[in-house]
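1. Sequence isn't available, so here's the structure alone:
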């Protein structure tokens, strides 16, 4: 069985494991106040050219999202996102559980459109009974999005402008940020992201670490006392050094982006291979998630040897599925998958 | 200025005020444990033919909705409603503020369709990552709906069946229940509603009382300890007798339905008058809310003498508005409105 | 049966009822945006000499407390109060239900002591793991307190100073504020209270209105968007004019303080009468709640003709109880109670 | 610098690290549905002789506590614990943040006394206004407690009886459970704990794993749908296998108890050494946390070479501090500490 169903199938990159082994018997203070976390924070501030940013390490993405959003929203505010947004669909109502409505806008290929946010806010405040409706307080975007697409520099700048107009916090979920930055279609970089958003996170779990997300808060008035919030929401790891050690190892010499580039290279090979077979894609994704639409009978046989995620029925005979690549994907497995798919489809 | 913008423009029906005056100097226990509340509860149980129902009096509708729903939903559950549902749109996220997602289904003229609920639940449980999504735990319906439409006996029975299939609590918001029961198109009655739902409320605020909603909980396992919840959520009026006295006065001799019939009679006169003028209606409402689509220039002049609620722009020149009738609406005011509209439209 | 168990036994003062009758058929906008509410707000701003204060009318005290506190506390903050504080004991965890810890300090006769707050905060921030503990964010005081005692001008000034030192919001629950202001021991007035606190409320429910509390927010940064919060928490009465009309009637010509003075006069008569009988008082209360310690066998017979609230067992044979006076208490009932008590105790 | 300030100073036991290395490149399903988690669950069910228990792996203790408690409490219920309880003091209000009051009873050396719980509940339900107070819904105990003490079999049986009497869930926080079971004073075992409680957790973070707690839910009606709750609260690790692998390694061959015994042996050596020096102990702890009361000037010099946790000032010249041992503590470091302490104290 070769697994393509997600990008968190294995443990961590061997170099990261090695670093955990090397530092295992060090005695350190807990809760992220050790020297490894300090150094990882400094590296991240440097990469982002954001010397005044606060950097916090949390364990997972859902936790990072609801901890940040519930810290910054007023009790009567909600957060706008795309209707495919992770917080709207796949976090079991974690944001609502903190008391805030998730306002899902019909997305454009997974993105939130600045003009849609602007129109939503304009309509809200024009309504004579706006006090009876949830006030928009933040915009949540993910890059890459949940369907693998990317924001351009212009799109994020437009969102920033709309957020400033309506007093909204702009937050970017970077669970797969490296895969986005490594994409051939990307025009963003960390300093730009740090500047255009109020906060974002650099994902570790899906990008070669055992676990861990690095939340970067650049807006100063959102920084004070945030560690109280992390503790309250269960995100403050006792052995916080495990997060520091991993991010240090991933970011100090470029390993993080090396892993991302490997995944993107194989994803692009998979994509072109699928297109060569005449397979339709549910969405044109330039990142490590690919969404081919495949005949159901081909899938029935494919699943004996490969795992993938089922996304949605497209029509009576076909289903969109998801294949992910990662730092750990082997080139021969991609070739093997393409070869088997060729056989299945031609047979069909 | 003649006001048609809502059905809570005046105080209370004079008979209800009289009863409050008569009982004003009685000394009673607080918090709904007085003889008036007891008697009003008995009357309601009788009208519903539900001798084992628990009846609680709360102050307002939003309060009643979130108090009940947050008491019965598990922490990981959400409530399904129509996308026009009051809890989805006009309660400032009150349900989300208690930690639960409101799952808004595209409605059919304000109603929740049993087949849509069934499909939603089937899709939820079929999804391999359903534990990552909010579990549906209840269905919220309002009758009349927010756009004045009604459920039929069959539609509610179908919802009941779907709720039983998927383990959902069925809750009916009766803020305007009397107007529904008095409608020429109605085929429901209180005993049926008490049986088909798990809980519902009989609205007072919009139907001739100063304020107050009577929550009827028929499902036994939802009854215990509910008074704790009312207190915690701020709904336990110290002078609870004010609610008992009003519901007693409204329900003991048919005043409640007399008031509702008066409103419906004038609403039907308004509706037929509008249709005679060739005015389009945004929705075909058989209750006390009417939604004509009027030319913007006519509205500009109309608003000097009449108040109404603005609902939505329909096209470049026209807007849908809402006129409400109530127990207090005067026939001559409706005639006057129709006459003025005739002039404005013909001029147009 | 003559009832002394609370100060919300009757409806409202006849003048207030008269005003509700007079205005009953007026058509007004809803949700507190009518002319009566506007005028009542202006009266309150004038009485408080606080022209920039925001004034909101809510239905009840528990609702006012949790709505305000949950609006101003950060998610990781709690509110300090006396261990007898209403929010700590008698609101079914309403504040905790909004996500905030109530930090109950051992009180001094119902009051929060400035030095205790200062020591608590100093200890908090000195602790190396303070991020693992709830940050103090506000101080809740009630005046009169739940046991009838009062704050002096100096005590509140000291609290203000401590609150400024540690960045705490100072909030005063005035459910019985009038009874405090009418006490012979009082040295406060409304302008002082408005200045020394960040927000407080003038109680109506326990002081002669049918219901209603007037929340006065003087600190400017706590004012924006508060109406969203009222709506979300169920406190925005549709017929908000009922609150405006009542506060107008109570405050425009001194009725509110007349009612309070009546209650205090009779409470002082009751207190001196009890002391003359040699009855111990659980607490030396200068307001409308009196807490005599009475023999259990006397209470057994007393309760056939009088209602009172049971507070706590004092020893094997005696129990502390509470008698309240109000605007509606009759002098002859107090004399009657004292006479009967005299008989019961002398018999004893 | 030799650190004794906590039991989570190092990474994980080398055998556990080795197992993480061995399994690192396996491809597994996520979210705890892999074979390692399955096997670890089976081992735990076996050790507890609880074949029908549900076992879930979460990342940390605070997270486990609030996830479980907020899943099982009704919205109007609170949880009783000792005033030293971790949820009452050191979780930044995490339980309150889910909407529930923590009811802290004055403890007896860190324990909750069955008679105190019984008296609290009796008083609650006897109160005429009990609906205005938080209903007790669960009891939280920790074993060992936060001050190192243990429950006996009889004490837990008594608590069970009281919980049954009042309908309370009994939950045991086992962050340091192994250290308790390895103590010379212990008379509990896993099957007893599984039977006497409704749920408990076996701590990993403080007992030689990198992180992780194994929650065992034995009461059947508390089991359904709990994975939804874990996901919502941020506790569902994407690479859940990391938890399974670690608990497998720790529990399959007795490593977990071997580590605990090592810590206890050194803690007892430290304790007897301290006593031989005439040092008072704040509390008589039979587990891996020891709380000597030391002269402040000795501490001033001690801290140049050793870390410890400061607990509280005892008098003008002395402070209670905490030393922890763990699987990783070296015998020579304990001896060195005792020798240095001897010098400092004799000098004094």
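-> Ah, there it is. Small disclaimer: the values here were computed from a predicted structure and weren't measured.
2. Need the residues that contact the longest helix seen in chain A.
-> For chain A, the longest helix by residue count, based on DSSP state H, is helix A:255-276. With contact meaning CB atoms under 8 Å, 6 or more residues apart in numbering or on different chains, helix A:255-276 is reached by A:7, A:13, A:15-16, A:178-179, A:181-184, A:202, A:207-208, A:249-250, A:281, A:285, A:287-290, A:292, A:323, A:325-327, A:329, A:331, A:334, A:337-338, A:341. C-beta coordinates here come from the backbone N, C-alpha and C atoms, glycine included.
3. tell me which parts of the stretch 51-200 of chain A are close to chain D?
-> A:59-63, A:66-67, A:91-94, A:97 (CB under 8 Å from any CB of the partner chain).
4. quick one: pLDDT of the residue in the stretch 1-150 of chain A that chain D sits nearest to?
-> At 3.2 Å from chain D, residue A:63 is the closest residue in the stretch 1-150 of chain A, using CB to the nearest CB. The per-residue pLDDT reported for residue A:63 equals 98.
5. who are the neighbours in contact with the residue nearest to residue A:219 when sequence neighbours are not counted?
-> For residue A:219, ignoring the flanking residues on the chain, the nearest one in space by CB to CB, 6 or more residues apart in numbering or on different chains is residue A:198 at 4.0 Å. The contact partners of residue A:198, taken as CB under 8 Å, 6+ apart, are A:72, A:163, A:169-171, A:217-219, A:222.
6. residues contacting the closest residue to residue A:107 other than its chain neighbours?
-> Excluding the flanking residues, the one nearest residue A:107 by CB to CB, 6+ apart is residue A:82, at 3.3 Å. Residue A:82 sits next to A:88, A:104-108, A:110-112, A:141, A:145-146 when contact means CB under 8 Å, 6+ apart.
7. For the closest residue to residue A:76 other than its chain neighbours, which residues are in contact?
-> Spatial nearest neighbour of residue A:76, chain neighbours left out: residue C:228 (3.7 Å); criterion: CB to CB, 6+ apart. With contact taken as CB under 8 Å, 6+ apart, residue C:228 is in contact with A:76, A:131, A:135, B:92.
8. If we only consider these, which is nearest to residue C:150?
-> Ranked by distance to residue C:150 (CB to CB), these are led by residue A:76 at 34.6 Å.
9. burial of residue A:292, as a residue count?
-> 24 (other CB atoms under 10 Å in any protein chain shown).
10. thought it was touching residue A:314?
-> No: with contact defined as CB atoms under 8 Å, residue A:292 does not count as touching residue A:314 (10.4 Å).
11. Which neighbours do those two have in common?
-> The contact sets of residue A:292 and residue A:314 overlap at A:282, A:320 (CB under 8 Å, 6+ apart).
12. Can you tell me the closest non-neighbouring residue to residue A:96?
-> With CB to CB, 6+ apart, the residue lying closest to residue A:96 is residue B:101, at 4.3 Å.
13. Tell me the confidence at the residue of the stretch 151-300 of chain A found nearest chain C?
-> Residue nearest to chain C within the stretch 151-300 of chain A: residue A:228 (3.7 Å; CB to the nearest CB). On pLDDT, residue A:228 comes in at 98.
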